[in-house]
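**Student:** Need the 3D shape of this:
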Amino acid sequence: MYGGELIYQTKDKYGSIEVVDHQQAIRSLHFGNKTQQSAMLLANPYVLIHKYAQAMLLPTCFIKLKNVLILGLGAGSLVKHLYNYFPDVNIVAVELREKVIELASEYFLLPDTDDRFSLFNQSASEWLLNHESTTKYDLIIVDMFLTSESAKDICIDPKDHIAIIHNLLSENGIATFNHLGNNVYSYSSYHDISSAFSHNLFSIDIESTNTILLASRGLIRSECSREYLDNLEKDYVLPYTNYFNKLIRV
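**Tutor:** Here you go, the predicted model:
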């Protein structure tokens with residue numbers, strides 16, 4: 001079912017969790033079905049190989065990051081990439097499932113927490129409602145999924161907390177949301193996000209399976225030179241040009 005060798009399996013109250021190796025090249029995290037919740041290139045654990053994850057970091061070509069908030073850890077792919085390629089960035093991650101955190105550390109090389117990386121084992125809702133810091137985030141990534149008893153992927157969106165997310169962003173901060181599906185208007189938080197961000201919204205279609213929604217407090221650049229994007233691609237190992245060209249105003 002997983003397309004590779006099952007090397008570890010466990011479960012918690014939310015369902016099963018599996019770690020799978022594929023031809024000793026890629027390691028993936030699953031929640032009871034064939035969908036890869038996260039994946040890691042064993043030869044280079046810091047490179048993002050899922051296209052949706054790459055697209056969620058497109059805002060790094062628009063804004064200089066200082067603080068990043070990630071709601072939904074998975075195996076920690078985004079944390080690892082940011083921690084390795086953006087050494088001046090402070091990262092806060094929030095993950096509901098303790099077992100997922102344990103596996104991210106044991107099997108996916110999640111960095112230890114330190115003065116640059118903080119990790120909270122809470123629901124995103126609980127964290128957002130009880131957040132008391134004055135920190136403003138330049139990038140907030142919302143990437144939260146569970147799996148139903150019928151093995152169907154369920155996107156957990158922060159519909160009731162969009163105003164909080166908006167207020168946590170810095171003046172030119174951007175929030176990115178991972179939506180399962182190719183119709184951004186079917187995302188249950190779409191109207192709340194559109195209202196909070198004054199329609200300053202953009203989307204990126206990921207092979208008609210995922211849609212990345214970008215919501216910005218400031219203006220997003222409509223043009224970037226090829227030289228500028230090429231230099232960023234070399235520095236951060238991300239295909240910026242590809243996703244910049246797919247960016248559509250919603």
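
**Student:** show me where this structure has strands.
**Tutor:** Applying DSSP state E to the chain gives strands spanning 5-12, 15-22, 26-30, 38-41, 67-71, 90-94, 117-120, 137-142, 145-147, 153-155, 169-180, 201-206, 210-216, 248-249.

**Student:** tell me the contacts of Phe197?
**Tutor:** Phe197 makes contact with 166, 175, 215-217 under the criterion Cβ atoms under 8 Å, 6 or more residues apart in numbering. Just so you know, the C-beta spots here come from the backbone N, C-alpha and C atoms, and that holds for glycine as well.

**Student:** hmm, back to that, adding distance to Ala104 and mean neighbour count, write the strands of the chain out as CSV.
**Tutor:** Below are the strands of the chain laid out as CSV (distance: least, Cβ to Cβ, whole Å; neighbours: other Cβ atoms under 10 Å):
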stretch, distance to Ala104, mean neighbour count
strand 5-12, 12, 12
strand 15-22, 10, 19
strand 26-30, 8, 22
strand 38-41, 8, 21
strand 67-71, 12, 25
strand 90-94, 9, 22
strand 117-120, 9, 18
strand 137-142, 15, 25
strand 145-147, 14, 17
strand 153-155, 19, 15
strand 169-180, 17, 21
strand 201-206, 22, 21
strand 210-216, 21, 24
strand 248-249, 32, 12
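
**Student:** I'd like the ones you listed as TSV, with mean pLDDT and distance to Met56 appended.
**Tutor:** Putting the strands of the chain into TSV (pLDDT from 0 to 100; distance: least, Cβ to Cβ, whole Å) gives the following:
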stretch	mean pLDDT	distance to Met56
strand 5-12	95	25
strand 15-22	95	22
strand 26-30	96	17
strand 38-41	96	12
strand 67-71	98	9
strand 90-94	98	13
strand 117-120	98	18
strand 137-142	97	5
strand 145-147	74	13
strand 153-155	70	14
strand 169-180	94	5
strand 201-206	94	9
strand 210-216	94	6
strand 248-249	92	16
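
**Student:** Reformat these as JSON lines; add distance to Pro59.
**Tutor:** Formatted as JSON lines, those follow (distance: least, Cβ to Cβ, whole Å):
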{"stretch": "strand 5-12", "distance to Pro59": "32"}
{"stretch": "strand 15-22", "distance to Pro59": "29"}
{"stretch": "strand 26-30", "distance to Pro59": "24"}
{"stretch": "strand 38-41", "distance to Pro59": "20"}
{"stretch": "strand 67-71", "distance to Pro59": "10"}
{"stretch": "strand 90-94", "distance to Pro59": "14"}
{"stretch": "strand 117-120", "distance to Pro59": "19"}
{"stretch": "strand 137-142", "distance to Pro59": "5"}
{"stretch": "strand 145-147", "distance to Pro59": "21"}
{"stretch": "strand 153-155", "distance to Pro59": "20"}
{"stretch": "strand 169-180", "distance to Pro59": "4"}
{"stretch": "strand 201-206", "distance to Pro59": "10"}
{"stretch": "strand 210-216", "distance to Pro59": "7"}
{"stretch": "strand 248-249", "distance to Pro59": "15"}
